[in-house]
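Trainee: Sequence and predicted model, in that order:
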Amino acid sequence: MLYQRSSQLFADAEKVIPGGVNSPVRAFKAVGGTPIFVKSAKGAYLYDEDGNRLIDYINSWGPMILGHAFDPVVESITEKAKLGTSFGMPTQLETEIAKLAVEMVAGIDKIRFVNSGTEACMSAIRLARGFTKRDKIIKFAGCYHGHSDSFLIQAGSGAVTFGSPNSPGVTAGTAKDTLLATYNDLENVRALIGANPGEIAAVIIEPVAGNMGCIPPAEGFLQGLRELCDANAILLIFDEVMTGFRLAKGGAQELYGITADIVAFGKVIGGGLPVGAFAARAEIMNYLAPLGPVYQAGTLSGNPLAMAAGLTMLQHLNNDVEIFRRLDEKTAYLEQGIRKVLTNNKVVFTVNRVGSMISVHFDANPVTDFASAGRGDNDTFRKFFHGLLEEGIYIAPSAYETWFITDALSYEDLDFTIAAIDRVSKLF
Ligand code: KE4
């Protein structure tokens, strides 16, 4: 596989874009080398600027659950664009997608659309603080809720990759209101709540962590959080930017049978266009301007093109009763293949999976939290990443990420991937 043109394009991009990318994790800093520049994509495949075809296991970090350039989504965007691209005024389309989301997801009466997962989580926290009249929040080390200040405290994803868990520019004043807990450690959360009586507005969590690799919640952990929040009048916020409309029609809430107080969405809900959202029961959402005192706004919020893409995506996920079973079966097949070939090649590894989210860690011990996620052998991961890239397979360019499986993947693609992992891991 040649990446000459990508390298040239990267050098050009670096002249006018910081680090040559518009989002740090794309820069390959964790794995070395220069990022791949994409020319087009269709279904399960990326086509890069050097003419290589890559099987895509990231799918734009989640949105492409039905495959790239999914025809119904493309058609809906194209048709909508002919009628105008942005009005800054309400449209009936926004009500339609809002009603569908409310129908698909438990525990929510109303939803507000924004432009990214960061905006969704940032707004959810502000709403929780306004509703409870409390300042502090609890987040979990290794969880990533976007790049707003309150969250860049031992965040996951690219923030970890860059070894800058506490980002410069986040003031001590902000950081003091963010308490850090250990994922899957309920006693740690209980202790934090006990040490800050009456001061905590919300606990925010990725119900399945996806920004330190994929980390499932331990048995009873989410239920325990629900009970602790109820006992202390704290709002439980599920950041379902990754898990929403991916793990089930109703996301992780449905999968685990836990109802959060506020749910944040992104990625899939926009069908590949910039959409985030946050939702809750009416009692909470009515605290938002213009009804209530908590301010939140956005020029392009509810943008007609993004709403058209998102609505088409959600309609397909809502109407296809087999989609989540297919995604789970394809990812289970991949997991079994990975386990088989890495075991045969005597590689030290562990695999975590929930539905169509999966990650491979080069460490013998279970990966259950930020600390254990950090013990993986990064050198082996780099060989894994670049070896697969040479085989025409694109996985996350960081061990602190999750793979996102698309329904567009065929079993032939999966078999090819498993065989490639076999070839690559023989060279470790
Ligand atoms: P965005 O602002 O990137 O749309 O969403 C932030 C966010 C919030 N919550 C969760 C659970 C997330 O995973 C994300 C963003 N995910 C990363 C991938 N780990 C996006 C990739 C990137 O930063 O370029």
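Mentor: Looks like it arrived, so ask away. Because the structure is predicted, anything quoted here is derived from the model rather than measured.

Trainee: which ones are touching the residue in the stretch 251-400 of the chain positioned nearest to the ligand?
Mentor: Each residue of the stretch 251-400 of the chain has a distance to the ligand, by Cβ to the nearest ligand atom, and the smallest belongs to residue 266, at 4.4 Å. In short, each C-beta sits where N, CA and C put it, glycine included. Residues touching residue 266, when contacts are defined by Cβ atoms under 8 Å, 6 or more residues apart in numbering, comprise 62, 116-117, 120, 241-242, 244, 275-277.

Trainee: Please go through the residues you listed and note which also touch the ligand.
Mentor: 116-117, 241-242, 276 (Cβ under 6 Å from any ligand atom).

Trainee: Which of those residues sits closest to the ligand?
Mentor: Compare each of these with the ligand using Cβ to the nearest ligand atom and the shortest gap goes to residue 117, at 2.4 Å.

Trainee: where does the closest residue to the closest one other than its chain neighbours land on pLDDT?
Mentor: Once flanking residues are discounted, residue 117 sits nearest to residue 266: 3.0 Å by Cβ to Cβ, 6 or more residues apart in numbering. Looking at residue 266, its pLDDT is 98.

Trainee: same check, this time on the one 5 residues further on
Mentor: For residue 271, the pLDDT comes out at 98.

Trainee: neighbours around it, how many?
Mentor: Number of residues near residue 271 (other Cβ atoms under 10 Å) recorded here: 31.

Trainee: Against residue 390, how distant is it?
Mentor: With distances taken as Cβ to Cβ, to the nearest Å, residue 271 is found 32 Å from residue 390.

Trainee: Same question for residue 28.
Mentor: Taking Cβ to Cβ as the measure, residue 28 falls 14 Å from residue 390.

Trainee: Give the buried residues for the longest helix along the chain.
Mentor: Using DSSP state H to assign secondary structure, the helix with the most residues in the chain is helix 323-344. The neighbour-count check on helix 323-344 (16 or more other Cβ atoms under 10 Å) flags 323-324, 327-328, 330-331, 333-335, 337-338, 341-342 as buried.

Trainee: helices or strands next to that helix in the packing?
Mentor: For helix 323-344, the helices and strands in contact under the criterion 3 or more Cβ pairs under 8 Å, 6 or more residues apart in numbering; DSSP states H and E are strand 350-354, strand 357-361, helix 411-425.

Trainee: mind checking which of the ones you listed is nearest residue 5?
Mentor: Ranking the helices and strands packed on helix 323-344 by proximity to residue 5 (Cβ to Cβ) places helix 411-425 first, at 23.0 Å.

Trainee: and the closest one, how far out from the chain's middle?
Mentor: From the chain centre to the centre of helix 411-425 is a distance of 25 Å (Cα atoms, centre = their mean, to the nearest Å).

Trainee: now what about that helix, what contacts it?
Mentor: With Cβ under 8 Å, 6+ apart as the criterion, helix 411-425 contacts 44, 55, 57, 330, 333-334, 337-338, 340-342, 344-345, 347, 383-384, 387-388, 391-393.

Trainee: Let me know the pLDDT of residue 162.
Mentor: On the pLDDT scale, residue 162 is placed at 52.

Trainee: Validate this expectation: residue 283 resides in a strand.
Mentor: No: read with DSSP: H, G, I helix; E, B strand; the rest coil, residue 283 is helix and lies in no strand.

Trainee: Any idea how many residues pack against it?
Mentor: 11.

Trainee: Tell me the first helix or strand C-terminal of the lowest-mean-pLDDT helix or strand in the chain.
Mentor: Counting by mean pLDDT, DSSP states H and E, the chain has its least confident helix or strand at helix 158-161, which shows a mean of 66. Next in sequence after helix 158-161, counting helices and strands by DSSP states H and E, comes helix 172-175.

Trainee: Report the buried residues of that next one.
Mentor: So for helix 172-175, counting by 16+ other Cβ under 10 Å, buried means residue 175.

Trainee: And the next helix or strand past it?
Mentor: Taking DSSP H and E as the definition, the helix or strand that follows helix 172-175 towards the C-terminus is strand 178-181.

Trainee: In contact with residue 155, which residues are there?
Mentor: Contacts here follow Cβ under 8 Å, 6+ apart; on that basis residue 155 touches 142-145, 147, 165, 167, 211.

Trainee: what does the stretch 51-200 of the chain have sitting close to the ligand?
Mentor: 61, 116-118, 121, 144-146, 157-158.

Trainee: how does it look with 8 Å?
Mentor: Listed as neighbours of the ligand in the stretch 51-200 of the chain under the rule Cβ under 8 Å from any ligand atom: 61-62, 116-121, 143-147, 156-158.

Trainee: Go through the residues you listed and say which is closest to the ligand.
Mentor: residue 117 (2.4 Å).
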